[in-house]
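A.B. asks: one predicted model, sequence on top.
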Amino acid sequence: MPHHKHHEKLERLKDAIKKSENLSEEEKSNALKHIEEWYIEDQADQYVWSKLKEKLLEISAKIEPILAELGFL
């Protein structure tokens, strides 16, 4: 999923949690903290994966078809 769409969905989810009448303030706070943690981890994973692909392709162009076959490109 492109970063922009992912971010939009994340913001919609956060807004829905904030507006929820069924959650206590503590539950809202905990949910928002978890969402932020997941978002940060996701961004780190994307960065690491991007760098890994870059380094693998620097090693050999022959790796590109393997990555493409596995759906990583």
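C.D. replies: Happy to help now that I have it. Residues are numbered from 1 along each chain as shown.
A.B. asks: give me the neighbour count for residue 60.
C.D. replies: The tally of other residues near residue 60 (other C-beta atoms under 10 Å) stands at 9. Every residue, glycine included, has its C-beta placed from N, CA and C.
A.B. asks: all helices of the protein, in order?
C.D. replies: 3-19, 25-59, 63-69 (DSSP state H).
A.B. asks: identify the residues contacting the first one?
C.D. replies: Contacts with helix 3-19, where a contact means C-beta atoms under 8 Å, 6 or more residues apart in numbering, come from 23, 28, 31-32, 35, 39, 42, 46.
A.B. asks: rerun that using 7 Å as the cut-off
C.D. replies: 23, 28, 31-32, 35, 39 (C-beta atoms under 7 Å, 6 or more residues apart in numbering).
A.B. asks: pull out the buried residues from it.
C.D. replies: 14, 17 (16 or more other C-beta atoms under 10 Å).
A.B. asks: so which residue is smack in the middle of the protein?
C.D. replies: residue 42 (3.2 Å; C-alpha atoms, centre = their mean).
A.B. asks: ok, now how distant is that one from residue 59?
C.D. replies: 26 Å (C-beta to C-beta, to the nearest Å).
A.B. asks: burial of residue 39, as a residue count?
C.D. replies: Residues near residue 39, counting by other C-beta under 10 Å, number 14.
A.B. asks: any idea how far residue 51 is from it?
C.D. replies: Distance check for residue 39 against residue 51: by C-beta to C-beta, it reads 19 Å.
A.B. asks: same thing with residue 27?
C.D. replies: Residue 27 is 37 Å from residue 51, by C-beta to C-beta.
A.B. asks: low pLDDT regions in the protein?
C.D. replies: 1-6 (pLDDT under 70).
A.B. asks: 80 instead, please
C.D. replies: Along the chain, segments meeting pLDDT under 80 span 1-7, 67, 72-73.
A.B. asks: what's the first-to-last distance across stretch 59-73?
C.D. replies: From its first residue to its last, stretch 59-73 covers 16 Å (C-alpha to C-alpha, to the nearest Å).
A.B. asks: any idea how far it is from the chain center?
C.D. replies: 22 Å (C-alpha atoms, centre = their mean, to the nearest Å).
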